[in-house]
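>>> Next input, structure requested:
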Amino acid sequence: MNAQQLEYIRLELTNALHDDSGGTKGQLQAFIEHPPADKNHYPRQRIHKVELEGERWADAENSAVYALETRSRRRPMPPINDHVFSSCAWRRAVMTLGEHQIAWLRYCYGFDLQFKYQTEICKHVWERYQAYKVGKRLQSKIIKRLVSLVWLAVQETAAKNKNETYKEYAGSALANLMSVDRSTWSRVYAPHWARLKEVAEKMDVEALQLVSTRREEIIYRLELQNATK
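Numbers count the residues shown, from 1 in each chain. I've put the predicted structure just below:
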């Protein structure tokens, strides 16, 4: 799969995973988020009563509120808009992947900043990095510093995929972040930094290729079901 095809998948995933829940809200959802204020100034005096079946009464937290219909059009809004419906195959394909791949796609292309996704991504990158033979045993302080670079490598990979003009961290900047000399960074940490970014980039490509394959399988099954009806 070439770079142009990968970029196409990135754009489609960004559109499919975009959170557009801030659109027009229904009356019930608006009341849930902004309930009417309780007009009872005397909490001990329960004056808001609701009559139930069987001549029973219950105390209500709020008094009854009269509200007109908030819909400003003759026909109701569709349950799902065209954009969400047309991109549902991408979202279904994402949910069939592994946990670290779902976490990566939702973080990088869905802008989902849930901590569990970030943890899953870092865990996978570090485990894949551990399989890389470093050639010699590393000191514990070096390993601790490398662990602190995992999330930074993930962020840089995500930023490069979303912004073509992104400039990578310079060696001097990374040396300052690690509180080491530039020569120490180049000699000790630079190869490991490059390997961490390589692992993150490989995770991105693998996830994109797999989600594209799964989407084609989903579309094929749907077309086959429609043909047999």
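
>>> Domain-wise, how is this structure divided?
Domain assignment for the chain by automatic domain parsing gives 3-20+80-228, 25-76.

>>> In terms of mean pLDDT, which of these ranks lowest?
When the domains of the chain are ranked by mean pLDDT, domain 25-76 comes last with a mean of 62.

>>> By residue count, which helix of this structure is the longest?
Criterion DSSP state H: the longest helix present in the chain is helix 190-228.

>>> roughly how far out does that helix sit from the chain middle?
Computed by C-alpha atoms, centre = their mean, to the nearest Å, the chain-centroid distance of helix 190-228 equals 16 Å.

>>> That one - contacts with which helices or strands?
With contacts defined as 3 or more C-beta pairs under 8 Å, 6 or more residues apart in numbering; DSSP states H and E, the packing partners of helix 190-228 are helix 3-16, helix 88-94, helix 99-108, helix 115-130, helix 140-162. Just so you know, the C-beta spots here come from the backbone N, C-alpha and C atoms, and that holds for glycine as well.

>>> now the domains of the chain as JSON lines including mean neighbour count?
Listed next are the domains of the chain as JSON lines, based on neighbours: other C-beta atoms under 10 Å:
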{"stretch": "domain 3-20+80-228", "mean neighbour count": "15"}
{"stretch": "domain 25-76", "mean neighbour count": "9"}
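
>>> between the helices and strands packed on helix 190-228, which one is nearest to Tyr169?
helix 140-162 (6.5 Å; C-beta to C-beta).

>>> how many degrees apart are that closest one and helix 115-130 in direction?
Between helix 140-162 and helix 115-130, the angle comes out at 120 degrees (axes from the mean of the first three to the mean of the last three C-alpha atoms, to 10 degrees).

>>> From the chain's centroid, how far away is the following helix or strand past helix 140-162?
Next along the chain after helix 140-162, taking DSSP states H and E as the criterion, comes helix 171-178. In terms of C-alpha atoms, centre = their mean, the centre of helix 171-178 is set 29 Å apart from its chain centre.

>>> Use 39 as the first number from now on
With the count now opening at 39, the last piece we talked about shows up as helix 209-216.

>>> Now do the following helix or strand past helix 209-216: which elements does it pack against?
Using DSSP H and E, the helix or strand that follows helix 209-216 towards the C-terminus is helix 220-222. Helix 220-222 makes packing contacts with helix 209-216 when contacts are defined by 3+ C-beta pairs under 8 Å, 6+ apart.

>>> CA atoms of the helix it packs on as PDB?
C-alpha atoms of helix 209-216 as PDB (Å, rounded to 0.1, in the frame of the first residue of the first chain):
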ATOM      1  CA  GLY A 209      18.500  16.600  18.900                       C
ATOM      2  CA  SER A 210      19.400  19.500  21.100                       C
ATOM      3  CA  ALA A 211      15.800  20.000  22.200                       C
ATOM      4  CA  LEU A 212      15.500  16.300  23.100                       C
ATOM      5  CA  ALA A 213      18.800  16.400  25.000                       C
ATOM      6  CA  ASN A 214      17.500  19.400  27.000                       C
ATOM      7  CA  LEU A 215      14.300  17.400  27.800                       C
ATOM      8  CA  MET A 216      16.400  14.500  29.000                       C
END
